[in-house]
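J.: Next come a sequence and a model predicted from it.
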Amino acid sequence: MGGSDASTDVSPVEQPVEAFRAVVGRETFVDVYDARYRSMVQIARLTTGSDDVAEELVQDAFVDLYRRFDTIDSPAAYLHRAVANRCTSWVRRRVTERRYHERSRVDVSAWSDPDTIAVMDAIGRLPIRQRTAVVLRYFADLNEADIAAALDCRPGTVKSLLSRARTQLEKELTDEH
Amino acid sequence: MSTDLDTRIAAALRDAANTVDTAPDAFNAIVERAGTTAAPRRHPWQWAVAASVIALASTAAAFLFTRSDEPDSGPPMIAMGPALGVGTGALVEDCGLVDDRPATAEQASRVAFLPAELPTGYELVEAPSDYSNAVPPTAQVQQRTPSSLECWTASRSFLDPDTGGILTAVIARQGRHIRWDECQLPDGYLPAECVDINGDPSGVLTHEGSRATVSWVTEDANHAYVSAYGLTSEQLIDAARSVSFDGTDVFIDAPAGMQQIDERPRMNLYNAEFTRYSATFTNGDPTDDVTLTVVTWSDMTVYEVGPAASVYVNGVPALVVTTGGPETGITSWQQIPGTNDAIVDLEPNQPPPSAYMTWTDGGLTFTLTGPDAPTVTAVAQQLRPA
């Protein structure tokens, strides 16, 4: 951040990348990228269960953000919604195309801690909207209002999603022992 | 216990997230793509990823006519050709980017109202944020930008009302489909066999669950596939061999007793704008959730095959298909963790019972998915046109 003049009337697409750092008075695209890219990939990874797909989806979201950067008030909120939307769509497509939920589960092979595996496996069995809400709440630490904005639903719906998810997780994680 | 569970969930997510790596050149890739709106390109590794995703989605020609009508997925886009036998010179993403924006009041007014009543025990749990019974729900408008590739699809579907059998033929183009020199069947893959369809050297017949699919590449490099439930292999292959395409419409000789239930002339996948909304209803059990999708896209999507029936919704014929459940015996596979393309672990699998229902009315396509045919039918009967 910081710097001097900055031609804020020129869209990000038309500016050299480094020039973004000179934009005054607001977060630049580079700032957003530096601060959010990895965490968004993490959210997408935890939601979709796939490293490669996660980065693909997040890059799509950043491409859209890049093109609309001047018109977006809250890049973080935009990214949460865009990434959540893409993850939900991707998982639903897989479920729709394959029609059996077991195959959309999160790949747990990357982790070694038994409890991480158990919890992630249980999270992977949640319906995708519940799964996304759980990741946004417990990993991204968003409040219900922000999750509602990300999922394009009412806060009451988020409460319901989290409650149902939690009940299911508690049951599964209790039953396993 | 509550605090313990919350702590446990948060700790597991943090631990799992720690293993996530990101591509070192991601920023440049984003900038490069964002700066070339007309024909976005990805880095080679991304193409490989996309290919693997499409291969996953394709499931070896296992699905009938899959389109994505989820948010931000854009107008219907058939999944790429089957991993077996059919190759392609371009990938789905080349069919144009999807632009997504809120619908105008006029556009939103085209979509339907949610059901006035629900089956016993059901309630609405997910709806657009400003939904009320007085106005149609908020809808999104999606448009796929122009592409340098030809991206289109055409189809024709039939139903046997006596047996519940379904037959659908699709001709599609998404880039250049490659005719392999010979049929390619990896060992241990889905039950499949090479078949000769009108001289195509890479024709394949695959079986998955209640569905069988014949897939091939036509002389003029279009991708063709015919899927069916309730037909013998011989009937299916005979039907596939009768497929023709005049550049606009698909033609096929269906077995005796089958009645045409849908036909869709060639339709471009890009430059098409449509409005959509969705809502979910539940009775408390997530496996019983019913999801409604309404799009301003006149296309009855037959994306899964099983015993089917035709019913009427507000005087319009609708297709109800039952999938999964006992005796479906679907065959499945898993991807080797951490790889993009290898496939292992062929195993029998029984998908959970489910049903979907789809119909087109007044330029709107309605799709309901749920646990069984009676439930989705009950919800359908309560929908009110806008």
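T.: Thanks, I have it. In this text, all values refer to a predicted model and were calculated from it rather than measured experimentally. Residues are numbered from 1 along each chain as shown, chains lettered A, B, ... in the order given.
J.: Nearest residue to the residue of the stretch 151-300 of chain B found nearest chain A in space, please, no chain neighbours.
T.: Residue of the stretch 151-300 of chain B nearest chain A, by Cβ to the nearest Cβ: residue B:286 (4.8 Å). Quick note: C-beta positions are derived from backbone N, CA and C, even for glycine. Excluding its sequence neighbours, the residue lying closest to residue B:286 (Cβ to Cβ, 6 or more residues apart in numbering or on different chains) is residue A:127, at 4.8 Å.
J.: Tell me who's in contact with residue B:161.
T.: B:259, B:309, B:310 (Cβ atoms under 8 Å, 6 or more residues apart in numbering or on different chains).
J.: mind running it again at 7 Å?
T.: Shown in contact with residue B:161 (Cβ atoms under 7 Å, 6 or more residues apart in numbering or on different chains): B:259, B:310.
J.: and what of residue A:55?
T.: For residue A:55, the contacting residues are A:41, B:22, B:23, B:26, by Cβ under 7 Å, 6+ apart.
J.: and if you look at residue B:278?
T.: B:291, B:292, B:293.
J.: mind checking pLDDT for residue B:97?
T.: The model reports residue B:97 with a pLDDT of 61.
J.: for residue 116, what are its contacts?
T.: Using chain A. The contact partners of residue A:116, taken as Cβ under 7 Å, 6+ apart, are B:12, B:15, B:16.
J.: looking at chain B here, not the other one
T.: B:382, B:384.
J.: Can you tell me which of the contacts of residue A:55 end up in helices?
T.: Among these, the ones falling in helices (DSSP state H) are A:41, B:26.
J.: Pull the number of nearby residues for residue A:72.
T.: When neighbours are defined as other Cβ atoms under 10 Å in any protein chain shown, residue A:72 has 15 of them.
J.: Against chain B, how distant is the closest residue to it other than its chain neighbours?
T.: Nearest non-adjacent residue to residue A:72, counting by Cβ to Cβ, 6+ apart: residue A:78, 4.9 Å away. As judged by Cβ to the nearest Cβ, to the nearest Å, residue A:78 and chain B stand 12 Å apart.
J.: so where does residue A:78 fall, helix or strand?
T.: If you go by DSSP states H and E, residue A:78 is part of helix A:75-98.
J.: Check which helices and strands that helix is in contact with.
T.: Judged by 3 or more Cβ pairs under 7 Å, 6 or more residues apart in numbering or on different chains; DSSP states H and E, the packing partners of helix A:75-98 are helix A:29-48, helix A:51-68, helix A:128-134, helix A:144-151, helix B:44-58.
J.: okay, these, which one's buried deepest?
T.: Neighbour counts (mean count of other Cβ atoms under 10 Å in any protein chain shown) averaged over each of the helices and strands packed on helix A:75-98 peak at helix A:128-134, with a mean of 25.
J.: distance between that helix and the chain's centre?
T.: Remark: helix A:128-134 is offset 10 Å from the chain centroid, using Cα atoms, centre = their mean, to the nearest Å.
J.: Mind exporting the C-alpha coordinates of that helix to CSV?
T.: Provided in CSV are the C-alpha atoms of helix A:128-134 (Å, rounded to 0.1, in the frame of the first residue of the first chain):
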residue,chain,number,x,y,z
ILE,A,128,-21.8,-29.6,0.2
ARG,A,129,-23.6,-26.6,1.6
GLN,A,130,-23.1,-27.8,5.1
ARG,A,131,-19.5,-28.7,4.4
THR,A,132,-18.9,-25.2,3.0
ALA,A,133,-20.5,-23.6,6.0
VAL,A,134,-18.4,-25.7,8.3
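J.: wait, does that helix make contact with chain B?
T.: Yes - using Cβ under 7 Å from any Cβ of the partner chain, helix A:128-134 reaches chain B at A:129, A:134.
J.: what's the neighbour count on the residue nearest to residue A:72?
T.: Counted with other Cβ under 10 Å, residues neighbouring residue A:78 total 20.
J.: What of residue B:282?
T.: 21.
J.: List the contacts of it.
T.: With Cβ under 7 Å, 6+ apart, residue B:282 has these contacts: B:122, B:123, B:125, B:288, B:289.
J.: I'd assumed residue A:125 was in contact with the residue of the stretch 151-300 of chain B closest to chain A.
T.: No - counting by Cβ atoms under 7 Å, residue B:286 does not reach residue A:125; the two are 9.4 Å apart.
J.: Which strands or helices does the one helix or strand residue B:11 maps to pack on?
T.: Secondary structure assignment for residue B:11, by DSSP H and E: helix B:2-17. On a contact count with 3+ Cβ pairs under 7 Å, 6+ apart, helix B:2-17 meets helix A:29-48, helix A:114-124, helix A:155-175.
J.: one more time with 10 Å, if that's ok
T.: helix A:29-48, helix A:114-124, helix A:128-134, helix A:155-175 (3 or more Cβ pairs under 10 Å, 6 or more residues apart in numbering or on different chains; DSSP states H and E).
J.: tell me which strands and helices the first one is in contact with?
T.: Contacting helix A:29-48 under the criterion 3+ Cβ pairs under 10 Å, 6+ apart are the following elements: helix A:51-68, helix A:75-98, helix A:114-124, helix A:128-134, helix B:2-17, helix B:26-34.
J.: could you give the angle of that helix to helix A:75-98?
T.: Relative orientation of helix A:29-48 versus helix A:75-98 (axes from the mean of the first three to the mean of the last three Cα atoms, to 10 degrees): 30 degrees.
J.: what's the offset of helix A:29-48 from the middle of its chain?
T.: Relative to the chain's own centre, helix A:29-48 is displaced by 7 Å; criterion: Cα atoms, centre = their mean.
J.: now the angle from it to helix A:144-151?
T.: Helix A:29-48 runs at 90 degrees relative to helix A:144-151, counting by the same axes, to 10 degrees.
J.: So which of the contacts of residue B:278 belong to strands?
T.: B:291, B:292, B:293 (DSSP state E).
J.: Give me the lowest-pLDDT entry from the contacts of residue B:282.
T.: residue B:125 (66).
J.: Can I get the one helix or strand in chain A whose mean pLDDT sits lowest in CSV, CA atoms only?
T.: Scoring the helices and strands of chain A by mean pLDDT, DSSP states H and E places helix A:75-98 at the bottom, with a mean of 73. Only the C-alpha atoms of helix A:75-98 are listed here, as CSV (Å, rounded to 0.1, in the frame of the first residue of the first chain):
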residue,chain,number,x,y,z
PRO,A,75,-12.6,-8.2,-2.1
ALA,A,76,-12.5,-10.6,0.8
ALA,A,77,-16.3,-11.0,0.9
TYR,A,78,-16.3,-11.3,-2.9
LEU,A,79,-13.7,-14.0,-2.8
HIS,A,80,-15.4,-15.9,-0.1
ARG,A,81,-18.6,-15.9,-2.1
ALA,A,82,-17.0,-16.7,-5.4
VAL,A,83,-14.9,-19.5,-4.0
ALA,A,84,-17.8,-21.0,-2.0
ASN,A,85,-20.0,-20.8,-5.0
ARG,A,86,-17.5,-22.5,-7.3
CYS,A,87,-16.7,-25.2,-4.8
THR,A,88,-20.4,-25.9,-4.3
SER,A,89,-21.0,-26.0,-8.0
TRP,A,90,-18.0,-28.3,-8.6
VAL,A,91,-19.0,-30.8,-5.9
ARG,A,92,-22.7,-30.7,-7.0
ARG,A,93,-21.7,-31.4,-10.6
ARG,A,94,-19.7,-34.4,-9.5
VAL,A,95,-22.5,-35.7,-7.4
THR,A,96,-25.0,-35.0,-10.2
GLU,A,97,-22.9,-36.6,-12.8
ARG,A,98,-22.0,-39.6,-10.7
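J.: between that helix and helix A:114-124, how many degrees?
T.: Interaxial angle of helix A:75-98 relative to helix A:114-124 (the same axes, to 10 degrees): 70 degrees.
J.: Check the offset of helix A:75-98 from the chain's centre.
T.: 8 Å.
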